[in-house]
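Participant: Here's my sequence, what's the structure:
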Amino acid sequence: MLQDHFVETVQRDHYSYTRLNRAVINELRTTPSAGGDEEAAHALIDLLIDDLPQDPQHEGLMDNSDTGAVIRCLKAVLRRLGIEFEIPFHDKQGYHSFRMEHNNDFSTDLTRIFAPGRAALERRERTTFTGGLRGLRGELRNLIFAATQKPEIVWRDVAGGVIEITRNKAYCLLYDRPVRAEGLTWGELGKWWRLQDGMYGMPQDARSQALLTRLRSSLNTPEQLLLDSYWECSIERGFDDCPALLPLVYLHYDPLAQHQRNQRLEGRVLTRQRMDFLMLAPGGRRYILELDGKEHYSRDGKAAPDLYADMVREDRRIRLQGYEVYRFGGAEFVDPQAAKIMLQAFFDQLLTT
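Facilitator: You can find the predicted model right below:
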């Protein structure tokens with residue numbers, strides 16, 4: 001069950017708009033989803049998190065009645081799964097009142113509110129696991145990427161999978177939906193992007209271009225060339241069904257400083273704090289693409305064997321956990337035209353393996 005199933009486009013003479021499909025919501029409330037109630041529950045939670053804004057002046061996709069209908073539907077779906085989960089509000093107005101009563105503190109954060117429901121769904125899913133992706137530290141759900149400034153990340157609820165970006169949150173993107181065995185495609189990423197602020201009423205082509213522009217804003221010139229080449233390759237192959245290429249992914253960022261981590265029994269800070277590019281492909285395959293500049297193997301213009309050793313040591317570690325790592329040298333991007341030809345051949349072969 002995808003969020004697109006919950007919305008419909010209404011066409012008028014000179015304009016169109018998107019609204020909640022109440023008929024689908026009402027049917028799901030009384031009838032199990034053909035795609036599975038677990039998937040439906042995740043999609044309903046995503047819909048609420050995306051649409052209930054921090055700012056009460058932001059109307060969002062749903063009105064007060066729509067929000068109430070979605071909450072009732074979610075409770076019914078969870079009950080069918082044997083999950084009792086209490087939501088501390090019944091509609092959109094109730095959510096704003098809840099925030100005011102708690103002075104907008106962290107307890108009103110929607111990700112935290114729905115974390116127990118997420119955790120219960122994941123416990124249930126683990127008993128019928130069918131090949132979804134796992135990250136370096138367990139279930140792969142939070143993907144922090146396209147950071148134009150380095151985020152500071154802390155765990156607020158490890159059991160519930162709740163993280164908080166405590167610094168530079170506005171400068172990165174957070175994809176917090178389940179990534180299943182089919183991987184994360186451009187189509188799925190586009191559906192998530194469509195529900196971000198300012199994207200609801202935008203035409204599809206303009207919305208896709210806005211996504212590309214946002215992803216490119218986090219990259220330097222060679223990295224932009226790589227992303228542009230893959231974007232063009234995806235268009236040639238149908239785009240929506242191609243795996244998305246996520247730039248600057250903080251998938252396993254360690255929030256502790258080096259000196260703090262060294263004092264703890266569990267070991268040192270992770271050497272690699274981010275990945276240049278990550279692709280989550282069908283069948284649980286995960287590709288990491290790295291562009292290596294001088295800083296990867298030299299210090300002050302001189303060869304640094306220790307830096308290179310750290311890099312390849314980390315490569316071995318993540319390869320053992322199921323990631324495939326592909327490295328590109330900076331010299332390969334000196335000639336942009338030659339780089340495009342090289343990248344086209346690489347992506348053609350990668351997507352046909």
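
Participant: for Leu74, phi and psi?
Facilitator: Dihedral pair for Leu74: phi -60, psi -40, per degrees, to the nearest 10.

Participant: roughly how far apart are it and Lys92?
Facilitator: Relative to Lys92, Leu74 is positioned 14 Å away (CB to CB, to the nearest Å). Where C-beta positions appear, they are placed from N, C-alpha and C, glycine not excepted.

Participant: Next: Met100.
Facilitator: When distance is defined by CB to CB, Met100 is 13 Å away from Lys92.

Participant: Settle it for me: which of the two has more neighbours?
Facilitator: Neighbour totals were compared for Met100 and Lys92, and Lys92 leads with 24 against 11 (other CB atoms under 10 Å).

Participant: in the stretch 1-150 of the chain, which spans are strands?
Facilitator: Secondary structure of the stretch 1-150 of the chain (DSSP state E, counting those that start in this stretch): strands located at 7-11, 16-20, 134-135, 138-139, 143-145.

Participant: May I see those organised as CSV, with distance to Asp176 added?
Facilitator: Supplementary listing: those in CSV, determined by distance: least, CB to CB, whole Å:
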stretch, distance to Asp176
strand 7-11, 19
strand 16-20, 21
strand 134-135, 13
strand 138-139, 12
strand 143-145, 8
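
Participant: Going by mean pLDDT, which of the ones you listed comes out lowest?
Facilitator: When those are compared by mean pLDDT, strand 138-139 comes last with a mean of 45.

Participant: one step back: export the strands of the stretch 1-150 of the chain to TSV and append columns for mean neighbour count.
Facilitator: As requested, those are arranged in TSV below (neighbours: other CB atoms under 10 Å):
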stretch	mean neighbour count
strand 7-11	12
strand 16-20	14
strand 134-135	16
strand 138-139	13
strand 143-145	22
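
Participant: now the helices for this structure?
Facilitator: Applying DSSP state H to the chain gives helices spanning 22-30, 37-51, 64-80, 92-101, 110-113, 115-126, 186-194, 204-216, 221-236, 258-262, 305-320, 336-352.

Participant: Please identify the most buried of these.
Facilitator: Stretch with highest mean neighbour count among these: helix 37-51 (a mean of 22; mean count of other CB atoms under 10 Å).

Participant: Now do stretch 61-70, average pLDDT.
Facilitator: For stretch 61-70, mean pLDDT is 91.

Participant: Need the contact partners of that stretch.
Facilitator: 6-7, 18-20, 22, 25-26, 29, 44, 47-48, 50-52, 90-93, 95, 195, 200 (CB atoms under 8 Å, 6 or more residues apart in numbering).

Participant: Swap in 6 Å and give it another go.
Facilitator: With contacts defined as CB atoms under 6 Å, 6 or more residues apart in numbering, stretch 61-70 is touched by 20, 25, 51, 90-93.

Participant: what's the most distant pair in those?
Facilitator: Using CB to CB, the pair of the contacts of stretch 61-70 lying farthest apart is Ile25 and Gln93, separated by 18.5 Å.

Participant: Next, the contact list for the residue located most distally from the centre of the chain, please.
Facilitator: Distance from the C-alpha centroid of the chain, by CA atoms, centre = their mean, peaks at Lys302 (38.1 Å). For Lys302, the contact set (CB under 6 Å, 6+ apart) is empty.

Participant: so what are the domain limits for this structure?
Facilitator: 1-129, 134-353 (automatic domain parsing).

Participant: measure Leu351 to Leu320 for me?
Facilitator: 24 Å.

Participant: what stretches of this structure score poorly on pLDDT?
Facilitator: Along the chain, the parts satisfying pLDDT under 70 run over 1-4, 35, 54-59, 125-142, 154-164, 200, 251-273, 293-301, 303-304, 307.

Participant: Give me the nearest residue to the residue nearest to the spatial centre of it, chain neighbours excluded.
Facilitator: With distances taken as CA atoms, centre = their mean, Tyr175 lies nearest the centre of the chain, 2.0 Å away. What sits nearest to Tyr175 in space, not counting adjacent residues and going by CB to CB, 6 or more residues apart in numbering, is Leu143, at 4.2 Å.

Participant: hang on, Arg167 packs against Lys150?
Facilitator: No: look at Arg167 against Lys150 with CB atoms under 6 Å: they stay out of range, at 8.4 Å.

Participant: out of those two, which sits in the more crowded spot?
Facilitator: More neighbours surround Lys150 than the other of Arg167 and Lys150, with 15 against 12 (other CB under 10 Å).

Participant: mind listing what that one touches?
Facilitator: With CB under 6 Å, 6+ apart, Lys150 has no contacts at all.

Participant: Against Glu314, how distant is the residue farthest from the centre of the chain?
Facilitator: Distance from Lys302 to Glu314, by CB to CB: 22 Å.

Participant: go on, Ala43?
Facilitator: From Ala43 to Glu314 the distance is 35 Å (CB to CB).

Participant: about what we covered before: same list, the contacts of stretch 61-70, but as a markdown table with distance to Glu236 please.
Facilitator: Formatted as a markdown table, the contacts of stretch 61-70 follow (distance: CB to CB, whole Å):
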| residue | distance to Glu236 |
| --- | --- |
| Leu20 | 35 |
| Ile25 | 37 |
| Asp51 | 34 |
| His90 | 48 |
| Asp91 | 46 |
| Lys92 | 43 |
| Gln93 | 48 |
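
Participant: Of the residues you listed, just say which sits nearest to Leu189.
Facilitator: If you rank those by distance to Leu189 using CB to CB, Asp51 comes first, at 18.3 Å.
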